[in-house]
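> let me see the structure of the following:
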Amino acid sequence: MFGLADLLHRIPDEFKPMASLGVGAVILVGLVLFHGAGLHRVLVWRKRWERRLTLGRPHLAAAGMLFAWAVFLMLTLHILEIIIWAVILNHLDLIHLVQDSIYFCANAYTTLGYGTVALDEKWRNISPIIAISGLFTFAWTTSSLVDLVRAHSRLIEQLEDERVQELELRAALRKDEWDARTREKESERAERAQTREKVTGTSFMERRKVRKEEKQAVEKLRVAEKAELEALRRKECEDEEKLGPGMPPPDSEIKK
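Prediction:
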């Protein structure tokens with residue numbers, strides 16, 4: 001870059017304004033290609049994570065963070081491009097201090113047009129080229145941002161639908177758990193009633209034997225209830241993990 005700076009300074013003064021346009025145009029094309037590649041990577045990365053969020057349980061907070069991070073990456077892309085402009089101008093010895101170069105390029109890139117730093121009048125044609133690069137990249141980012149907002153809205157709508165399905169699955173689980181516990185309690189009551197009938201008019205030893213059998217039967221009922229509840233919860237978790245675009249509607253909606 002230092003050799004190029006020496007070469008630029010050897011250009012006759014009357015040709016430097018045209019040379020500044022050529023140098024600016026080359027840098028502009030390179031930065032637009034860089035911006036396109038970076039924007040493509042951001043959008044592809046976001047799409048991959050969107051597909052992950054649509055599978056399994058709905059994560060609305062994660063969807064919001066995904067949108068915010070994508071916007072931040074777009075902003076970072078523009079900041080990098082301002083720094084690239086600043087570094088190039090500094091290495092071409094057109095602006096001596098890096099901080100002044102960054103300040104100048106930020107003002108030109110955003111078309112703010114305010115600042116105390118200026119290029120030499122023979123190279124000032126680079127300023128509008130920097131502004132044009134900002135217009136190009138900001139327009140490209142705005143177009144992508146519109147698509148990003150639209151995709152985010154679709155994602156939130158889909159996750160809300162999945163959230164409704166998740167709540168219905170959990171409500172169905174609570175009902176099934178209640179039914180399982182109710183059946184177990186009824187079975188226990190029936191077992192105790194049967195035991196009372198058996199021990200009527202029997203001896204102490206026979207009553208003790210029947211009570212022991214009753215206790216074992218009740219224990220088996222409770223173990224069976226526990227296993228049934230675990231199976232219901234496991235099935236509900238598996239159904240939640242299957243939530244997504246291909247998830248069939250809950251049974252309640254099918255019956256409607």
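> where's Arg181, which helix or strand?
Using DSSP states H and E, Arg181 falls within helix 126-199.
> relative to the whole chain's centre, how far out is that helix?
Centroid separation between helix 126-199 and its chain, computed with CA atoms, centre = their mean, to the nearest Å, is 15 Å.
> state the mean pLDDT of it.
Mean pLDDT, helix 126-199: 86.
> I'd like to know which elements that helix is packed against.
helix 16-53, helix 60-91, helix 98-109, helix 204-241, helix 251-255 (3 or more CB pairs under 8 Å, 6 or more residues apart in numbering; DSSP states H and E). C-betas here are computed from N, CA, C, even on glycine.
> go through these and pick out the most buried.
When these are scored by mean count of other CB atoms under 10 Å, the highest mean neighbour count falls to helix 98-109 (a mean of 20).
> quick check, pLDDT for the residue lying closest to Ala106 once chain neighbours are set aside.
Distances taken as CB to CB, 6 or more residues apart in numbering place Ile82 nearest to Ala106, at 5.1 Å, with adjacent residues excluded. Ile82 carries a pLDDT value of 95.
> again with Val210
71.
> my guess is it meets Glu197, correct?
No - in this structure, Val210 is not within contact of Glu197 by CB atoms under 8 Å, at 9.7 Å.
> so what's the residue nearest to Ala106 up against?
Contacts for Ile82 (CB atoms under 8 Å, 6 or more residues apart in numbering) come out as Ile102, Cys105, Ala106, Tyr109.
> can we see that at 10 Å?
31, 101-110, 130, 133-134 (CB atoms under 10 Å, 6 or more residues apart in numbering).
> kindly report the same for Ala131.
Asn107, Ala108, Tyr109, Thr110, Thr111, Leu112, Gly113.
> check Ala217 too.
Per CB under 10 Å, 6+ apart, neighbours of Ala217: Ser187, Glu188, Glu191, Arg192, Gln194, Thr195.
> which of these lies closest to Glu225?
Nearest to Glu225 among these: Ser187, at 8.7 Å, using CB to CB.
> so what's that closest one up against?
Ala217, Val218, Lys220, Leu221, Arg222, Ala224, Glu225.
> which of the residues you listed sit farthest apart?
Farthest pair in the contacts of Ser187 (CB to CB) is Ala217 and Glu225. Separation: 12.8 Å.
> name the residues contacting each of these two.
Going by CB under 10 Å, 6+ apart, residues that sit against Ala217 and also against Glu225 are Ser187, Glu188.
> need the contacts of Ile82 in JSON lines with distance to Val117, can you?
Output for those, formatted as JSON lines (distance: CB to CB, whole Å):
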{"residue": "Leu31", "distance to Val117": "20"}
{"residue": "Ser101", "distance to Val117": "8"}
{"residue": "Ile102", "distance to Val117": "10"}
{"residue": "Tyr103", "distance to Val117": "6"}
{"residue": "Phe104", "distance to Val117": "4"}
{"residue": "Cys105", "distance to Val117": "9"}
{"residue": "Ala106", "distance to Val117": "10"}
{"residue": "Asn107", "distance to Val117": "8"}
{"residue": "Ala108", "distance to Val117": "10"}
{"residue": "Tyr109", "distance to Val117": "13"}
{"residue": "Thr110", "distance to Val117": "14"}
{"residue": "Ile130", "distance to Val117": "12"}
{"residue": "Ser133", "distance to Val117": "18"}
{"residue": "Gly134", "distance to Val117": "17"}
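> right, I'll leave it there.
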